[in-house]
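> Fold the following.
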Amino acid sequence: MFFLPMQHKAVGLAHNPLKAIVAPRPIGWISSRGADGSINLAPYSYFNAVCDDPAMVMFSAETLAGGQHKDSLRNIQETGEFVVNIVGEAQFEAMNISSGNYPYGENEFIHAGLEMIGSQTVAVPRAGGVPAALECRLHDTIALPRNAEDKGYVMVLGQVTGLYVDEAVVVDGRISYDRFVPISRLGYRDYGRTTNIFTATRPSD
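Residues are numbered from 1 along each chain as shown. As a prediction, this is how the structure comes out:
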């Protein structure tokens, strides 16, 4: 079958399959602080690393009709800082709780029962117990095209200013996926666990 974007129902697909096709996707569990000092923690599945030198990451946050921003985006635009908390199997339930639609200013760390740990290079806390976290300063925001309902996304590009790694997930100088089991976002309401790892060498190796 072939169809144009957002025309999936014409070919018998009940839901837009884009997220199911582009999968698995890492989860950017973003903590941020507003100009008023309020703290926010929310997961984003449009997230990934962009480059490693300089170290940069990106995530995209939805904006609603009229330009209403997600709390994370609002905070980052106000203060220019955020932290990407990495989600392992042990963090899944807390991550899911933090995805709730809470009023601005309510602290999702509290809702999810998480400790706030101070960062080293930014004034935004990381979540206690995470296997790793990336402290970031805002590099740029890019407004992406809006749809017919005046909804759209803003891509946030951040430069990594510091990395936290729990020593418990390091084995022989390398991150061990077995030690924390990364959780990924699939399509619909589906998630995945990274448990079946294999190694391959390139021909040039």
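
> residue nearest the centroid of this structure?
Nearest to the mean C-alpha position of the chain, by CA atoms, centre = their mean, lies Gly28 at 1.4 Å.

> Leaving out chain neighbours, which residue sits closest to that residue?
Phe47 (3.0 Å; CB to CB, 6 or more residues apart in numbering). Placement of C-beta: from N, CA and C, glycine included.

> How many neighbouring residues does the one you found have?
19 (other CB atoms under 10 Å).

> What of Pro125?
22.

> again, but for Leu41
Neighbours of Leu41 (other CB under 10 Å): 30.

> partners of it in the sheet?
Ser31 (DSSP bridges).

> Quick one: residues contacting it.
Residues near Leu41 by CB atoms under 8 Å, 6 or more residues apart in numbering: 29-32, 85, 98, 107-109, 112, 114, 127.

> how about CSV for the residues you listed, with pLDDT added?
Shown next, in CSV, are those (pLDDT from 0 to 100):
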residue, pLDDT
Trp29, 98
Ile30, 98
Ser31, 98
Ser32, 98
Asn85, 98
Ser98, 98
Asn107, 97
Glu108, 97
Phe109, 98
Ala112, 98
Leu114, 98
Ala127, 98
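
> Of those, which belong to helices?
98, 108-109 (DSSP state H).

> what is the rounded mean pLDDT of whichever strand or helix holds Phe59?
Per DSSP states H and E: Phe59 is located in strand 55-63. Taken as a whole, strand 55-63 has a mean pLDDT of 96.
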